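In: Just a sequence and a predicted model for now, questions to come.
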Amino acid sequence: MTQALSLLQIILIYAIPILFAITVHEVAHGWVASRLGDQTARMMGRLTLNPIKHIDPIGTIIVPALLLLTVGFLFGWAKPVPITWRNLRHPRRDAALVAIAGPFANLVMVILWALVTKVGELVGAKAVVMMGQIGIGINLILMLLNIIPIPPLDGSRVVSSLLPPRWAAKYSLIEPYGFIILLVLILFGLLGVVLGPAVMGLSQMVARLFGL
């Protein structure tokens with residue numbers, strides 16, 4: 001008979017993948033920025049895998065918990081890694097590279113959590129399998145969410161770098177309203193309609209690739 005998991009185990013199974021997902025995502029932004037000329041994140045001690053340095057009490061804890069309990073969709077944010085864009089050697093090009101580093105880090109973590117899940121299945125560790133599956137899911141959600149071209153999400157930085165400067169300036173005017181737009185899309189179920197099938201499809205692809 002399989003022993004039921006304790007509440008503490010369940011909390012850890014969810015918390016560890018979520019904290020790693022947001023931490024590595026933010027560190028990736030700062031690390032690429034440092035390689036491209038901006039040392040702001042490094043000087044402020046943000047190039048660390050210590051999740052406490054990246055937690056935003058509202059965006060990392062309160063908003064995700066409320067949304068998960070009310071609409072069943074997980075959405076949140078970490079404390080953004082500080083980037084001084086003008087310090088980048090080629091600001092327009094490098095801003096896109098810094099932005100895409102976050103979603104790319106989530107893609108790498110999808111692969112790593114898939115390996116964790118496989119190992120868990122091979123040794124019969126239920127908790128490890130659950131943690132791995134949650135890790136795959138949360139990183140796919142963060143990756144896909146962040147490539148949406150709504151400022152200030154990462155996808156908008158890429159779009160902005162491709163637009164003529166005059167259009168990019170107008171496009172950036174949306175940024176103060178970006179999170180409001182996202183919350184409205186979530187509350188009306190529209191974001192789930194868009195991201196749900198993509199997350200499911202990619203999850204199935206990962207499962208096939210790794211034999212899960």
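Out: Thanks, I have it.
In: For the rest of this, base every contact and every neighbour count on C-alpha atoms.
Out: Fine.
In: show me where pLDDT drops low in this protein?
Out: Applying pLDDT under 70 to the chain flags residues 1-5, 7, 64, 67-76.
In: The same query, at a cut-off of 80, please.
Out: 1-12, 55-78, 183, 186-187, 189 (pLDDT under 80).
In: quick one: the closest residue to Leu153 other than its chain neighbours from Asn106, how far?
Out: Of all residues not flanking Leu153 in the chain, Asn146 sits nearest, at 5.2 Å (CA to CA, 6 or more residues apart in numbering). For Asn146, the distance to Asn106 equals 10 Å [CA to CA, to the nearest Å].
In: Gly211 too?
Out: When distance is defined by CA to CA, Gly211 is 20 Å away from Asn106.
In: thinking again about what came up before, burial measure for the residue nearest to Leu153, as a count.
Out: Neighbour count of Asn146, defined by other CA atoms under 10 Å: 21.
In: Could you verify my assumption that it touches Pro103?
Out: Yes. Counting by CA atoms under 8 Å, Asn146 does reach Pro103; the two are 6.5 Å apart.
In: where do the contact lists of the two overlap?
Out: Common contacts of Asn146 and Pro103, defined by CA atoms under 8 Å, 6 or more residues apart in numbering, comprise Asp154.
In: Which stretches in this protein count as helices?
Out: 7-35, 40-43, 63-70, 91-123, 126-146, 154-162, 165-171, 178-187, 190-210 (DSSP state H).
In: List the contacts of the last one.
Out: Spelled out, that is helix 190-210. Taking contacts as CA under 8 Å, 6+ apart, the residues outside helix 190-210 that touch it are 73, 111, 114-115, 118, 136-137, 140-141, 144-145, 182, 185-186, 212.
In: One more pass at 6 Å, please.
Out: Leu185 (CA atoms under 6 Å, 6 or more residues apart in numbering).
In: List the buried residues in that helix.
Out: The neighbour-count check on helix 190-210 (16 or more other CA atoms under 10 Å) flags Leu191, Gly192, Leu195, Val199, Ser203, Val206, Ala207 as buried.
In: Pick out the residue nearest the middle of the chain.
Out: Leu142 (3.3 Å; CA atoms, centre = their mean).
In: Please determine how far it is located from Phe104.
Out: 10 Å.
In: hang on, the earlier thing: any chance of the buried residues of helix 190-210 in JSON lines with distance to Ala169 as columns?
Out: Output for the buried residues of helix 190-210, formatted as JSON lines (distance: CA to CA, whole Å):
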{"residue": "Leu191", "distance to Ala169": "26"}
{"residue": "Gly192", "distance to Ala169": "29"}
{"residue": "Leu195", "distance to Ala169": "28"}
{"residue": "Val199", "distance to Ala169": "32"}
{"residue": "Ser203", "distance to Ala169": "36"}
{"residue": "Val206", "distance to Ala169": "38"}
{"residue": "Ala207", "distance to Ala169": "42"}
